[in-house]
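K.L.:
Structural data only, the sequence is not supplied:
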């Protein structure tokens, strides 16, 4: 009697055949799966059997079975005597991982098991000399055994083995069963993404929600595929359509009309033309030519929770569904709980490290191909790429030399201009400087003292004082304010000069921020009249409105009584002009060039929680300013209600782009994740890996200003911009305050230049940053099409036009595919049913966990 025993890699001993006198008596079953896993056999002879005859006889029967069986994967013979049934040895159990990675105890246990396995196999090799030849005879027939042998008495295990065998035969990895902790982690991430989608949808901040996106060709996106930056990465490409076969929306009219595609700046007039002197435009801004619609039948009022609601005629319920403050804080607390969870932070940290390393590998493999692709593009290079300064404050948009030259020219040419009312007397410009004991000759850059040097680091209070020329607030009021004794005439003149510099460069654009403080209800009308009366219109400039969080200052000086006063002063004029534009005609025209709202102040201020439950604005009358998250909600909620009404009327809507993440607490960034279109700064994301991962998954725009951060909060070499860029976050470069941080008349190019040298960014990366800035900006669809491509809103290379952006297609294909894999892993279906990923129409798994088995199987499938 002799027996032939097989041992696979899991140390399972399966008695396959029982021989008598060297002849095979019966064969129970043999499993063959072409996974490339070589099995080892071990034969022992009992009762004097002959090893060579037994081996050859068994091989012959084995070959006969493999050539005649109907199922090439699992072969069975059922007529086995009960006493001949084989015995199996169960494999050693490896502890189940709690997440995607082994912990220290599991790793040590696994190491000990592996050492015992190899020691045992070396002993088997010494006892059996015929193993190699027999295994070779098996592999010679192109057959390999499955590493998991099903039991004949367990149908579930048998079906599982068959499914794994079929997956391996197809070249696809088997689905990985996730631990309950990992399933919960993925579901939490997915819930966070859904919450952001809810808030952007209800506030009309997605592409296609704004009527100015309709240029006669683009007709909007499907609701489930729309996002703030275009089509969702995992939504697939929408079917191509033309204006003739889509729903017709009213085409948005850009006034004054943009210049033709090819133009050259000319200065054929003594005065600066409001449209920059474009030879092809031929139109200046005329307020009389603007269309002013009439009254709308709907009405509005502020509710007891501090949010303006819109009502249809004879209706008592609001027309639009705006998230309540309770719903907002519940959602906020949920996300804060997710990003502070230990396993979630560990998982996100590892994924971010993986993504950054993956981009480094991509760069090493493709940098020369990218350079070759860029060289094949005619005419286009870094200098003639469209760039948008998405974060810059208007009152500091000029450099120091420009402001100094302007002040000197006014002192020499207009010394008798009455510029200020102080101490019950009107003072001329000459008298103001006489009181300061200064002449035009005495002024210099050092005298102005407006550059942020070493003394402003972590001193936001000193930085704010840098807005005062020569340290005098009266000079700031004269030269850098819109609402002053001369009605902002000096600031309008220097603004036109800066606009001229932008128009001469042609390819640089700005989104300047103007302040609405909320101290009085007529601030909007004053600002709008300043813009319209001075004809401050440029094709290179759009506006944002920033609301400083200075409730405590206004409360102390008696300007307001409750927080609701700020809400009313900021938003009531906007609802009035939306209901009836004839009540504020200048404001209606000005708002057509306003793209969004911002909220600014020192984020590092301590926020003391003095209430267990925050009161509504009408009863917030303490001297302490509300926390950041409270400000964010009331800015968002009132803007959302306003947007829905303006969209209904065909007026342009607004987006929310707050200063966020420069300093302060984590909940600042969490509030912005829920409510904002994009943010400015965001450097604190480096300390919150889970939230940074969420920003990556949703591709939320981040306008970063490394030179500004270098002077205030974070040195240049420690700035996370290069890490964010490698990871794949949607980052762009901006200047913040050229007056304080830059030296040239092209501060945006200065920002790009310093980053390129310090961070060693190649030309392809600079081009990608420039493209990101255009996508984040609020310029009209008609202009974006001309700047970066007709279908720029499509994900990946499908939305790229290398002739306009100079970004290689392989770069955007890599970005898109990498993001898609992360989204598929997070948003995989059937998380609770043992699936780690979803498959496309071809059966390919995108969201498989990066285990060793899956990586090896996918590598084998490619070959």
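P.N.:
Perfect, thanks for sending it. Given the structure is predicted, the values throughout are model-derived calculations rather than measurements.

K.L.:
Break down the stretch 201-350 of the chain into its strands, ranges please.
P.N.:
226-227, 230-231, 299-302, 308-311 (DSSP state E, counting those that start in this stretch).

K.L.:
buried ones in stretch 536-553?
P.N.:
For stretch 536-553, the neighbour count (16 or more other CB atoms under 10 Å) marks 536-551 as buried. (Glycine included, C-beta is placed from N, CA and C.)

K.L.:
now swap in stretch 671-688 and tell me
P.N.:
671-686, 688.

K.L.:
what do you get for stretch 511-523?
P.N.:
Buried-residue list, stretch 511-523, by 16+ other CB under 10 Å: 511-519, 523.

K.L.:
gap between the two ends of that stretch?
P.N.:
20 Å (CA to CA, to the nearest Å).

K.L.:
returning to what we had before: in strands, which of the buried residues of stretch 511-523 fall?
P.N.:
511-515 (DSSP state E).

K.L.:
I'd like those laid out as a markdown table, including pLDDT and distance to residue 615.
P.N.:
As requested, these are exported to a markdown table (pLDDT from 0 to 100; distance: CB to CB, whole Å):
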| residue | pLDDT | distance to residue 615 |
| --- | --- | --- |
| 511 | 96 | 35 |
| 512 | 96 | 35 |
| 513 | 96 | 30 |
| 514 | 96 | 30 |
| 515 | 94 | 27 |
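
K.L.:
Now flag whichever of those residues is closest to residue 569.
P.N.:
Nearest to residue 569 out of these is residue 515 (CB to CB; 12.7 Å).

K.L.:
any idea how far residue 597 is from that closest one?
P.N.:
Shown here: residue 515 relative to residue 597, a distance of 12 Å by CB to CB, to the nearest Å.

K.L.:
Give me the common contacts of the two.
P.N.:
Residues touching both residue 515 and residue 597 (CB atoms under 8 Å, 6 or more residues apart in numbering): 545-547.

K.L.:
Among those residues, which are located in strands?
P.N.:
Of the positions in those, 545-547 sit in strands, assigned by DSSP E.

K.L.:
re the thing from before, out of the ones in strands among the buried residues of stretch 511-523, give me the two with the largest separation.
P.N.:
Longest span within those, CB to CB: 511 and 515, 14.4 Å.

K.L.:
What are the contacting residues of the helix or strand harbouring residue 574?
P.N.:
Here residue 574 sits within helix 563-579, counting by DSSP states H and E. By CB under 8 Å, 6+ apart, the residues outside helix 563-579 that reach it are 295-296, 298-300, 302, 306, 308, 310, 516, 518-521, 523-525, 547, 551, 554, 560, 583-584, 587-588, 591, 616-618, 620-621, 626, 634, 638-639, 642, 645-646, 649, 651.

K.L.:
any idea which helix or strand comes after it?
P.N.:
Sequence order places helix 585-591 as the next helix or strand after helix 563-579, per DSSP H and E.

K.L.:
helices or strands next to that next one in the packing?
P.N.:
Contact partners of helix 585-591 among helices and strands, from 3 or more CB pairs under 8 Å, 6 or more residues apart in numbering; DSSP states H and E: helix 523-533, helix 563-579.

K.L.:
Throw those into TSV and include distance to residue 807 and mean pLDDT, thanks.
P.N.:
Shown next, in TSV, are these (distance: least, CB to CB, whole Å; pLDDT from 0 to 100):
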stretch	distance to residue 807	mean pLDDT
helix 523-533	34	95
helix 563-579	37	96
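
K.L.:
quick one: which of those is nearest residue 753?
P.N.:
helix 523-533 (31.8 Å).

K.L.:
Helix 563-579 and the closest one, what's the angle between them?
P.N.:
40 degrees (axes from the mean of the first three to the mean of the last three CA atoms, to 10 degrees).

K.L.:
how about helix 523-533: buried residues?
P.N.:
523-532.

K.L.:
Can you tell me which of the residues you listed lies closest to residue 184?
P.N.:
Looking across the buried residues of helix 523-533 and measuring by CB to CB, the closest to residue 184 is residue 524, at 47.9 Å.

K.L.:
Contacts only, for that closest one.
P.N.:
516, 573-574, 584, 587 are the contacts of residue 524 under CB under 8 Å, 6+ apart.

K.L.:
got the buried residues for stretch 373-382?
P.N.:
In stretch 373-382, counting by 16+ other CB under 10 Å, buried: 373-374, 377, 380, 382.

K.L.:
could I get those residues as JSON lines with pLDDT and distance to residue 445?
P.N.:
Putting the buried residues of stretch 373-382 into JSON lines (pLDDT from 0 to 100; distance: CB to CB, whole Å) gives the following:
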{"residue": "373", "pLDDT": "95", "distance to residue 445": "44"}
{"residue": "374", "pLDDT": "94", "distance to residue 445": "39"}
{"residue": "377", "pLDDT": "93", "distance to residue 445": "40"}
{"residue": "380", "pLDDT": "92", "distance to residue 445": "36"}
{"residue": "382", "pLDDT": "94", "distance to residue 445": "29"}
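
K.L.:
Many thanks, have a good one.
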